[in-house]
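Enquirer: Okay, predicted coordinates and the sequence, questions at the end:
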Amino acid sequence: MGPGGLGKWLVITGLTIAVVGAAILLLARVGLFKLPGDVEFGGRNWRVFIPVTTSIVLSLILTLIVWLVTYFRR
């Protein structure tokens, strides 16, 4: 891999991170990270957030997307 290949890889990685970040911001505005079943507790100066339901929903969505992609690539 030469400098051109490394540069292309870095650009693709950066764009992927930007798209994932934008998706997380959008999903947070919709309220995905405040579903019933998401556990949140803490004290005065600390907080713990365990997104149980959000993880299940995201897993189902990603599974559906991967299944659709593989179904239509046949």
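Expert: Sure, I can see it.
Enquirer: where do the helices sit along this structure?
Expert: For the chain, the helices defined by DSSP state H occupy 3-30, 52-72.
Enquirer: Buried residues in the last one, which are they?
Expert: Neighbour counts over helix 52-72 (16 or more other C-beta atoms under 10 Å) mark 53-54 as buried. No exception for glycine: its C-beta is placed from N, CA and C like everyone else's.
Enquirer: Confidence-wise, which of the helices of the chain is weakest overall?
Expert: Sorting these by mean pLDDT places helix 3-30 lowest, at a mean of 90.
Enquirer: now that one, how far from the centre of its chain.
Expert: Chain-centre distance of helix 3-30: 11 Å, with C-alpha atoms, centre = their mean, to the nearest Å.
Enquirer: Mind pulling up the pLDDT for Met1?
Expert: With respect to pLDDT, Met1 has a value of 68.
Enquirer: going forward, begin numbering at 734 instead of 1
Expert: Happy to do that; since the first residue is 734 now, the last one works out to Met734.
Enquirer: one step back: dump the helices of the chain to TSV, plus distance to Trp779.
Expert: Below are the helices of the chain laid out as TSV (distance: least, C-beta to C-beta, whole Å):
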stretch	distance to Trp779
helix 736-763	21
helix 785-805	19
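Enquirer: Residue ranges of each domain in the chain, please.
Expert: Domain segmentation of the chain under automatic domain parsing yields 734-763, 769-807.
Enquirer: so Val772 bridges to which residues?
Expert: Ile783 (DSSP bridges).
Enquirer: Run a quick check on it versus Phe782, I expect a contact.
Expert: Yes. If you go by C-beta atoms under 8 Å, Val772 and Phe782 touch, sitting 7.4 Å apart.
Enquirer: what pLDDT does Pro784 get?
Expert: You'll see Pro784 listed with a pLDDT of 90.
Enquirer: and Leu791, what does it touch?
Expert: By C-beta atoms under 8 Å, 6 or more residues apart in numbering, the contact set of Leu791 is Leu765.
Enquirer: From Val785, how far out is it?
Expert: Going from Leu791 to Val785 by C-beta to C-beta, to the nearest Å gives 11 Å.
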